[in-house]
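Peer 1: I would like the atomic coordinates for the input below:
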Amino acid sequence: MEITLRKTLGMDETEFCHLLNIEPRTLRRWETRQASPQGPALKTIAGLEEAIGRHPGRSVFLIDYIRNASAVGGLAYLLVRLLEDCHTLRGPGFTEKS
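Peer 2: Sure, this is the predicted structure:
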């Protein structure tokens with residue numbers, strides 16, 4: 001699950017760990033199935049997968065947005081919350097609902 005999402009996002013291990021605020025060791029354990037995501041990380045992963053799957057026509061935009069947001073750090077959970085309401089996406093960014 002996580003390696004597929006990480007590759008879909010085009011992220012290396014460091015970027016993905018930064019996005020989820022986890023240690024590289026934790027990601028390696030997930031990707032080798034020695035452990036599974038828990039708590040906020042699990043919710044973030046599920047939200048990202050759902051947002052990308054629910055809006056395939058917007059997936060390139062969403063992936064770019066996620067990659068850029070991950071550079072800021074600590075925003076992964078907020079990002080998922082924003083993406084839950086993807087119908088507010090219009091063009092190159094978020095707009096307010098009409």
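
Peer 1: this structure: strands as residue ranges?
Peer 2: Applying DSSP state E to the chain gives strands spanning 89-90, 93-94.

Peer 1: need phi/psi at residue 36.
Peer 2: Main-chain torsions, residue 36, degrees, to the nearest 10: phi -130, psi 150.

Peer 1: scratch that, residue 34
Peer 2: Dihedral pair for residue 34: phi -80, psi -20, per degrees, to the nearest 10.

Peer 1: can you pull the pLDDT of it?
Peer 2: Residue 34 is assigned a predicted lDDT (pLDDT) of 95.

Peer 1: what is the neighbour count of it?
Peer 2: For residue 34, the count of nearby residues is 9 (other CB atoms under 10 Å). C-beta coordinates here come from the backbone N, C-alpha and C atoms, glycine included.

Peer 1: do you know how far it is from residue 28?
Peer 2: According to CB to CB, to the nearest Å, residue 34 stands 8 Å off from residue 28.
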